[in-house]
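Novice: Next come a sequence and a model predicted from it.
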Amino acid sequence: MSTSPLEAFGLLDLRVGRVDRCEPNAAARKPSYCLWIDFGPEIGVRTSSAQLTDLYEPRDLLGREVIAAMNLGSRRIAGFESQVLVLGLPDAQGRVVLLAPERDVPLGGRVY
């Protein structure tokens, strides 16, 4: 029995969170940031390692809303536990541009 495309999309848990803390990951091979992202009171804070240094400074990310995949499992990246995957798109030069809601929404809100 195969899964329909709509059912497959439903398996992803994509949610909105707000970056509360951002620090460069000095141990990473490729320049990246360690992010602490608040997904609201029901989920709490999760961490992510993200290669966003081309377009974003740490101060640019603080307070910013992002979309992240929550259920892809954790990975240790350059000594930092990355619990969620922050989503973005490449610009014409291949730099990551973050996905974000266009209006204020509750933290932890699920993309559907």
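Specialist: Nice, thanks for sending it over.
Novice: Just want the most central residue of the chain.
Specialist: Nearest residue to the geometric centre of the chain (Cα atoms, centre = their mean): Val86, 1.8 Å.
Novice: Quick check: that residue touching Gln51?
Specialist: No. Val86 lies out of contact with Gln51 (Cβ atoms under 8 Å); the separation is 9.6 Å. Using the backbone N, CA and C atoms, a C-beta is placed for each residue, glycine as well.
Novice: just the CA coordinates of the lengthiest helix in the chain, formatted as PDB?
Specialist: Ordering each helix of the chain by length in residues (DSSP state H) puts helix 5-11 first. Taking C-alpha atoms only, helix 5-11 is exported to PDB below (Å, rounded to 0.1, in the frame of the first residue of the first chain):
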ATOM      1  CA  PRO A   5       1.500  12.800  -1.500                       C
ATOM      2  CA  LEU A   6      -0.900  14.500   0.900                       C
ATOM      3  CA  GLU A   7      -0.400  11.800   3.500                       C
ATOM      4  CA  ALA A   8       3.400  12.000   3.000                       C
ATOM      5  CA  PHE A   9       3.300  15.700   3.600                       C
ATOM      6  CA  GLY A  10       1.300  15.200   6.800                       C
ATOM      7  CA  LEU A  11       4.100  13.100   8.200                       C
END
